[in-house]
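Peer 1: build me a model from this:
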Amino acid sequence: MNQPRRADTGGALLSLGALVRVAATILSGALAAVTTALGLVAVRMARKVVTPATRVADTRILDVDVAAQTITLSRSADTVLPGRYGLFTSGTADYLKLGSVLRSDGTSVTRKLLTQVSSDTRLSAASTFSGWYYERPEELHLPFSAELVASAVGPCPAWLFPADSDTWVIQIHGRGAQRRECLRAVPVFHAAGITSLIVSYRNDGEAPRSRSGMYGLGSTEWRDVDAAIGRARKAGAKRILLMGWSMGGAIALQVALRSAHRDLIAGVVLESPVIDWRIVLDYNARLLGLPAPVSRLAIAVLGSEWATPLTGLDHAIPFGALDIVARAGELRQPVLILHSDDDGFVPSDSSHDLVVARPDLVEFQVFDTARHTKLWNYDQDRWVEVIAQWLERHALAPARSTVER
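Peer 2: This next block holds a predicted model:
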């Protein structure tokens, strides 16, 4: 009698085990590939953060009406803003001043031209919208001189706008910008009798290059600003104010905490400031649609000495030392923050957090609609009055007169 055949369960189990091992190998390889890809993106992001920025076209000139002296640009969150602005372009002119919005639709914005153009004007379509407004110090119609500040990396160009007092303000531009960004603030300080020294710092395209040629996000640049305070002290300054724009705010705060001349620093004004870089990097990664692990890994790469060959830095970025909310207890001077809640680049979260951490020293003037470092352009009257009143309340203004516009 034939016996029934037994199922070959051992062979089946072996086949199943082999399939599991193959699947595990495939999944492991896929995971390694994903991890590698995320790592490469994170390193690329890290390098971009510390690489000195070049101007990038962010709008296009669609039309110039010479008879009406108007210009039509492609619409963006910036080009539709009310107020006065600048436009970097190329051709027969490289910079134009723009006035109020005359009309806009879903794709374009027409603004008044404040720079006269003629029928011979030829402009490239690719342009960059700017909040700088003033292009040269001569446009302020105030006495000034070109200076050089001796720093560890070499002579850093500066502009000095003298006033008849021993109170000086050191003005510090932001990432990817230059000294011209700060010209808007000179009149309010000059009207208050305060001398303005507008400085450059390593790797900004005007000052000397450091060995790495990379930004330190405030952790290295502050030394050049501290050298400017030493220059002011030798010239007779008895009180120093600091004003920083965007990354210049991060630099100003490092100076306030670490300067050898800290005894002279009487106050800090911050415009759209970076107060905690980790929040800024997380925010911008989300804007780019990058997954959260990328920004966290980029921060880890920038903050690690072992990764400096990948980032091009001489030293790791000390994110803890650059977190001024965490270090709020170390602040000794009054701080005025001007920041728009719809900044679009540097979120205002840390500005809100800092005033909560130090309400005794920090005043926060919240703007909206104004975007990043364009608060003066959007509402000049309020911007000027806020700073002038803050100077008076803290007895930092030797004199008060009508602010030139």
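Peer 1: identify the residues contacting stretch 103-117?
Peer 2: 62-64, 66, 69-75, 79-80, 84, 93, 95-102 (CB atoms under 8 Å, 6 or more residues apart in numbering). C-betas here are computed from N, CA, C, even on glycine.
Peer 1: show me the contacts for the nearest residue to residue 169 once chain neighbours are set aside.
Peer 2: Closest residue to residue 169 apart from its sequence neighbours, by CB to CB, 6 or more residues apart in numbering: residue 241 at 4.1 Å. Taking CB under 8 Å, 6+ apart, we find residue 241 in contact with 167-170, 189, 194, 265-269, 396.
Peer 1: which two in those are spaced the farthest apart?
Peer 2: With CB to CB as the measure, no two of the contacts of residue 241 lie farther apart than 189 and 265, at 15.3 Å.
Peer 1: neighbour-wise, which of these two wins?
Peer 2: residue 189 (26 against 20; other CB atoms under 10 Å).
Peer 1: helix, strand or coil for the more buried one?
Peer 2: What DSSP: H, G, I helix; E, B strand; the rest coil gives for residue 189 is helix.
Peer 1: my guess is it meets residue 169, correct?
Peer 2: Yes. If you go by CB atoms under 8 Å, residue 189 and residue 169 touch, sitting 5.0 Å apart.
Peer 1: can you pull the residues that touch both of the two?
Peer 2: Shared contacts of residue 189 and residue 169, counting by CB under 8 Å, 6+ apart, come down to 195-196, 241.
Peer 1: pretty sure residue 115 sits in a helix.
Peer 2: No. Read with three-state DSSP, residue 115 is coil and lies in no helix.
Peer 1: re the thing from before, separation between the residue nearest to residue 169 and residue 305?
Peer 2: Noted for residue 241: a distance of 35 Å to residue 305, by CB to CB, to the nearest Å.
Peer 1: residue 336 too?
Peer 2: Distance from residue 336 to residue 305, by CB to CB: 36 Å.
Peer 1: higher neighbour count, these two?
Peer 2: Remark: of residue 336 and residue 305, residue 336 carries more neighbours, 23 against 9, as counted by other CB under 10 Å.
Peer 1: might you report the residue contacts of the more buried one?
Peer 2: Taking CB under 8 Å, 6+ apart as the test, what residue 336 contacts is 267-270, 362-363, 365, 386-387, 390.
Peer 1: how far does the helix or strand where it lies sit from its chain's centre?
Peer 2: Using DSSP states H and E, residue 336 maps to strand 335-340. Centroid displacement of strand 335-340 relative to its chain, using CA atoms, centre = their mean, to the nearest Å, is 14 Å.
Peer 1: again with stretch 281-297
Peer 2: With CA atoms, centre = their mean, you get 17 Å for stretch 281-297.
Peer 1: residue boundaries of the helices in the protein?
Peer 2: Using DSSP state H, the helices of the chain run over 9-50, 186-191, 222-234, 247-258, 277-287, 292-302, 308-311, 319-322, 349-357, 375-378, 380-393.
Peer 1: quick one: low-confidence residue ranges for the protein.
Peer 2: Low-confidence segments of the chain (pLDDT under 70): 1-38, 399-405.
Peer 1: related to what we said a few turns ago, of all the helices of the chain, which lies closest to residue 342?
Peer 2: helix 375-378 (10.7 Å).
Peer 1: and the end-to-end length of stretch 250-264?
Peer 2: End-to-end distance for stretch 250-264: 19 Å, by CA to CA, to the nearest Å.
Peer 1: need the contact partners of it.
Peer 2: Here stretch 250-264 has contacts from 170, 172, 201, 217-219, 221-222, 225-226, 229-230, 233, 237-240, 242-244, 265, 268, 270, 273-275, 277, 321-322, 324, 327, 330-333, using CB under 8 Å, 6+ apart.
Peer 1: looking at those, which are in strands?
Peer 2: If you go by DSSP state E, the contacts of stretch 250-264 have 170, 172, 239-240, 242-244, 265, 268, 270 in strands.
Peer 1: and for residue 222, the neighbour number?
Peer 2: Neighbour tally, residue 222, other CB under 10 Å: 23.
Peer 1: so who does it touch?
Peer 2: Residue 222 neighbours (CB under 8 Å, 6+ apart): 251, 254-255, 258-259.
Peer 1: pull out the buried members of those residues.
Peer 2: Burial by neighbour count, judged by 16 or more other CB atoms under 10 Å, picks out 251, 254-255, 259 from the contacts of residue 222.
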